[in-house]
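Chemist: here is my input; please provide its structure:
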Amino acid sequence: MSNLIQFVASGLALGTIYAMIALGFVVIYRASQVFNFAQGDLVTVGAFVMVVLGGILPWPVAVLGTMLATGLLAAVVERLVLRPLVGRSVVITIILTIFVGLILRVMVMVVFGPEQRGMPTPWERSAAVSVAGARIFVSSIAAVLAGALALGAFTWLIRRSRIGVAMRATSSDQEAALCLGIPVGRIFGFTWFLAGAFAALAGVFLGMFPRTVDTNLGFVALKAFPVVIVGGLDSAAGVVIAGLILGVVEVLTQGYVNPHLGQFGQNFHEVLPYLIMIAFLTVRPYGIAGRAEVERV
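Modeler: Got it, this is the predicted structure:
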């Protein structure tokens, strides 16, 4: 029983991180129909920025500063690199995000070096609490709480604020939004800012014990890709639900299934989310909470 509690807690923490990364994909896709393949490299940038700021600022201030800095970087990328391509084929823009990601990765290696770093925390890196005999890392608890707070703030922003209404209008119909006086270009920039901020927050908790911060940290965004598909490309709530489910399933599979599969099961838990994604693409391609596209001919 203690192992089950520990696995579920670790899975919820991992799923929360997946959800934050996937939410960055969703907000950009809903606004501009662009799938941002640089999201993982923004995660890496955020993690390394936190390593620096965490050494000179109080931890909560450093986290907020990291989210702000990474969000601004993402907004600058959108303004200088991607906005000039508005009106061009979406495929060209998507390919460009791949090159943007490569440039960000090289910049991280040049500025911070290839060495692994430890993520600064206000508690002991290996600190844990005991729950019903299970040892749960404090970093896992903090990831779930911070993710819940961030996702709650995002929900309020989308549903209650003026800019949230503008974002929903832009995602529904860009031309109509322009006619109503909504600055669509600024909305695009703000969605990239949000995606960068969420990527930074995910990077902060992803780099905590037992993991470390290195230049390959952003590859976890590839593991968040099934979350986007399973949850639904146009549904923020869907990717949150999918992130938590796939995070728990991945950790439970690693703990209970892998040991019984021998050599074949060594990394089966990393493959399983993609198998679930393929199943969804076959049976329900628009995801858990996504909307099926209906075209009138």
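Chemist: now find how far off-centre the helix or strand encompassing Ala279 is within its chain.
Modeler: Here Ala279 sits within helix 268-283, counting by DSSP states H and E. Chain-centre distance of helix 268-283: 18 Å, with C-alpha atoms, centre = their mean, to the nearest Å.
Chemist: ditto for stretch 187-203
Modeler: Taking mean C-alpha positions (C-alpha atoms, centre = their mean), stretch 187-203 and its chain are 9 Å apart.
Chemist: stretch 271-281: which residues count as buried?
Modeler: By 16 or more other C-beta atoms under 10 Å, the buried positions in stretch 271-281 come out as Leu272, Pro273, Ile276, Met277, Phe280. (Glycine included, C-beta is placed from N, CA and C.)
Chemist: those residues into CSV, with extra columns for pLDDT?
Modeler: As requested, the buried residues of stretch 271-281 are arranged in CSV below (pLDDT from 0 to 100):
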residue, pLDDT
Leu272, 90
Pro273, 91
Ile276, 92
Met277, 92
Phe280, 91
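Chemist: which of these lies closest to Asp214?
Modeler: Closest to Asp214 out of the buried residues of stretch 271-281 is Pro273 (21.9 Å), distances taken as C-beta to C-beta.
Chemist: tabulate the buried residues of stretch 271-281 (CSV), appending distance to Leu57.
Modeler: Listed next are these as CSV, based on distance: C-beta to C-beta, whole Å:
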residue, distance to Leu57
Leu272, 39
Pro273, 35
Ile276, 40
Met277, 39
Phe280, 42
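Chemist: any idea which of these is closest to Phe112?
Modeler: Of the buried residues of stretch 271-281, the one sitting nearest to Phe112 (C-beta to C-beta) turns out to be Pro273, at 29.0 Å.
Chemist: nearest residue to the closest one other than its sequence neighbours?
Modeler: Excluding its sequence neighbours, the residue lying closest to Pro273 (C-beta to C-beta, 6 or more residues apart in numbering) is Pro226, at 4.1 Å.
Chemist: which is the next helix or strand following the helix or strand harbouring that neighbour?
Modeler: Applying DSSP H and E as the criterion places Pro226 in helix 220-231. The C-terminal neighbour of helix 220-231 among helices and strands, as given by DSSP H and E, is helix 236-252.
Chemist: packing partners for that following helix?
Modeler: With contacts taken as 3 or more C-beta pairs under 8 Å, 6 or more residues apart in numbering; DSSP states H and E, helix 236-252 sits against helix 2-32, helix 138-160, helix 220-231, helix 268-283.
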